[in-house]
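Peer 1: Got a sequence here, can you build the structure:
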Amino acid sequence: MANQQPSTSSRPWFLDAVPLMVVVLIAAHVLALVYWIYRLATEKQPLRRKAH
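Peer 2: From the prediction side, this is the model:
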């Protein structure tokens, strides 16, 4: 156990940031989906009348 290296020095910094970037991207897509559904639900629909 004495010859273990700290995990932060054995990997580059961007490999440590990958899980955080994945979480941020997923959160951004979820927010965009919620906003898109909100826009669809609140959009003014033109009043359609049947001609016959």
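
Peer 1: what mean pLDDT does the helix of greatest length in the chain have?
Peer 2: Longest helix in the chain by number of residues, with DSSP state H as the criterion: helix 13-42. Helix 13-42 carries an average pLDDT of 95.

Peer 1: Give me the residue at the spatial middle of the chain.
Peer 2: The centroid of the chain falls nearest to residue 26 when counting by Cα atoms, centre = their mean (2.3 Å).

Peer 1: Residue 21: neighbour count?
Peer 2: A count of neighbours around residue 21, defined by other Cβ atoms under 10 Å, yields 10. C-betas here are computed from N, CA, C, even on glycine.

Peer 1: The one 10 residues further on now?
Peer 2: Close neighbours of residue 31, defined as other Cβ under 10 Å, add up to 10.

Peer 1: One more: residue 33?
Peer 2: Other residues near residue 33 number 10, with proximity taken as other Cβ under 10 Å.

Peer 1: Ok, the one 5 residues further on next?
Peer 2: Around residue 38 sit 10 other residues, with neighbours defined as other Cβ under 10 Å.

Peer 1: OK, contacts around it?
Peer 2: Not one residue lies near residue 38 by Cβ atoms under 8 Å, 6 or more residues apart in numbering.
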